[in-house]
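Q: A structural model of the following input is requested.
(one chain, ligands or ions: 1)
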Amino acid sequence: MADSVRVSESNGLTFLHVENPLASAKISLFGGHILSYIPKSDGQERLWLSPHAFLNGERPIRGGIPVCWPWFSDDHGKQKGELPSHGFLRTQVWQLTSSIEDENGTHLILTPSFSRAEGFEYDCEVTLKVSVGEHLTVNLSTENKGVVPFTFNCALHTYFHVDDIHNTELKGISGQYKDKTQNWALEDTPSPYTFSQQTDRIHLSAVKQTDVVVNGKTFTKVISNGNDSLVVWNPWQEAASISDMDPFGYKHMICVETSMTGGHDLAPGQVHELIQQVIPV
Ligand SMILES: O=P(O)(O)OC[C@H]1O[C@@H](O)[C@H](O)[C@@H](O)[C@@H]1O
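A: Residues are numbered from 1 along each chain as shown. I've put the predicted structure just below:
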């Protein structure tokens, strides 16, 4: 184990605490889920974790970076609710298979216990590579280890911390989006991109850079690769009906999700990498 990684246990879950000269981070092995990333450059938390998140394995963790795989939301070809929302990786225990450190930070590789379950009966290898340094880099890799092609979706469903959603703007997104709150109506991306109501959108272009601008200043840059879309979500006052959020929780978060939502085909032997970089500004 790298010297910059410490392990703790609480309520049956195992956590990795990364502390190096460039940043600190906390990762839950339940879900392979990054909970916190604080760069030393300014000491400010970039991720949002709900104060009411279940940190005992009972439910997926609300906040941080949930790993959605091999489907997004309820898009699994069955009735809504028949299979877990966002797939089955965020509710299982992952293993830490490698940890090294160098002048760029601490580099971890995590693997889920299984990647074959109801709704996805294929052979593949999934890994999550996490680099904690001046930037946070997360790489969700899927390799087809079987003899038949398969189609899957995935997302790095990051909850970004913002001081106040009313003073938050996203920059860098253009084109059309599908609006889940309007029965998937197609709409044009607003400009400026600010928030005043429940927002649940799949932006249909492979957005590469999104700036999270807070109080007129870019706070965090989000670089996406291997995506076909970008999801933007804030439940607004609907947060009151989400048991692991408080009614005002929506004020301090915005989800900007590097995502594959259109179905990606992977032939035997092929590898797909979904990469999100969180860059403090
Ligand atoms: O409550 P969950 O399963 O973590 O999902 C949260 C949200 O995740 C977003 O990605 C979806 O677009 C929303 O529709 C959904 O409500």
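Q: what residues does the chain put near the ligand?
A: By CB under 6 Å from any ligand atom, the part of the chain that sits against the ligand consists of 60, 73, 85, 86, 157, 180, 200, 231, 233, 257. Using the backbone N, CA and C atoms, a C-beta is placed for each residue, glycine as well.
Q: Output these in JSON lines, with neighbour count, pLDDT and secondary structure appended to each entry.
A: JSON lines is the format used below for the residues of the chain next to the ligand (neighbours: other CB atoms under 10 Å; pLDDT from 0 to 100; DSSP: H, G, I helix; E, B strand; the rest coil):
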{"residue": "60", "neighbour count": "22", "pLDDT": "98", "secondary structure": "coil"}
{"residue": "73", "neighbour count": "20", "pLDDT": "96", "secondary structure": "coil"}
{"residue": "85", "neighbour count": "16", "pLDDT": "97", "secondary structure": "coil"}
{"residue": "86", "neighbour count": "25", "pLDDT": "98", "secondary structure": "coil"}
{"residue": "157", "neighbour count": "25", "pLDDT": "98", "secondary structure": "strand"}
{"residue": "180", "neighbour count": "16", "pLDDT": "98", "secondary structure": "helix"}
{"residue": "200", "neighbour count": "20", "pLDDT": "98", "secondary structure": "strand"}
{"residue": "231", "neighbour count": "25", "pLDDT": "99", "secondary structure": "strand"}
{"residue": "233", "neighbour count": "19", "pLDDT": "98", "secondary structure": "strand"}
{"residue": "257", "neighbour count": "26", "pLDDT": "99", "secondary structure": "strand"}
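Q: Taking the stretch 1-150 of the chain, what residue is nearest to the ligand?
A: Of all residues in the stretch 1-150 of the chain, the one sitting closest to the ligand is residue 85 (3.6 Å; CB to the nearest ligand atom).
Q: hang on, that residue packs against residue 72?
A: No. In this structure, residue 85 is not within contact of residue 72 by CB atoms under 8 Å, at 9.1 Å.
Q: As a check, name the ranges of all strands in the stretch 51-200 of the chain.
A: Ranges of strands in the stretch 51-200 of the chain, per DSSP state E, counting those that start in this stretch, are 67-68, 94-102, 105-112, 124-132, 136-144, 150-161, 168-171, 176-179, 185-188, 193-194, 199-203.
Q: Pick the most deeply packed of those.
A: Here the criterion is mean neighbour count by mean count of other CB atoms under 10 Å, and of the strands of the stretch 51-200 of the chain the winner is strand 67-68, at a mean of 26.
Q: List the contacts of that strand.
A: 31-33, 86-87, 89-90, 128, 140, 153-157, 257, 259 (CB atoms under 8 Å, 6 or more residues apart in numbering).
Q: what's the most distant pair in the residues you listed?
A: Maximum pairwise distance in the contacts of strand 67-68, criterion CB to CB, is 18.4 Å, between 33 and 153.
Q: Please name the bridge partners of the residue of the stretch 101-250 of the chain found nearest the ligand.
A: Nearest to the ligand in the stretch 101-250 of the chain, going by CB to the nearest ligand atom, is residue 233, at a distance of 4.2 Å. For residue 233, the beta-bridge assignment (DSSP bridges) gives partners residue 200, residue 255.
Q: so what's it up against?
A: Residue 233 touches 199, 200, 201, 254, 255, 257, counting by CB under 8 Å, 6+ apart.
Q: Now the third one: closest residue in space that isn't a chain neighbour?
A: In other words, residue 201. Nearest residue to residue 201, sequence neighbours excluded (CB to CB, 6 or more residues apart in numbering): residue 177, at 4.2 Å.
Q: With the last one instead?
A: In this structure, residue 257 finds its nearest non-sequential neighbour in residue 231, 3.8 Å apart by CB to CB, 6+ apart.
Q: wait, isn't the one you found in contact with residue 260?
A: No. Using CB under 8 Å, residue 231 makes no contact with residue 260, being 10.4 Å away.
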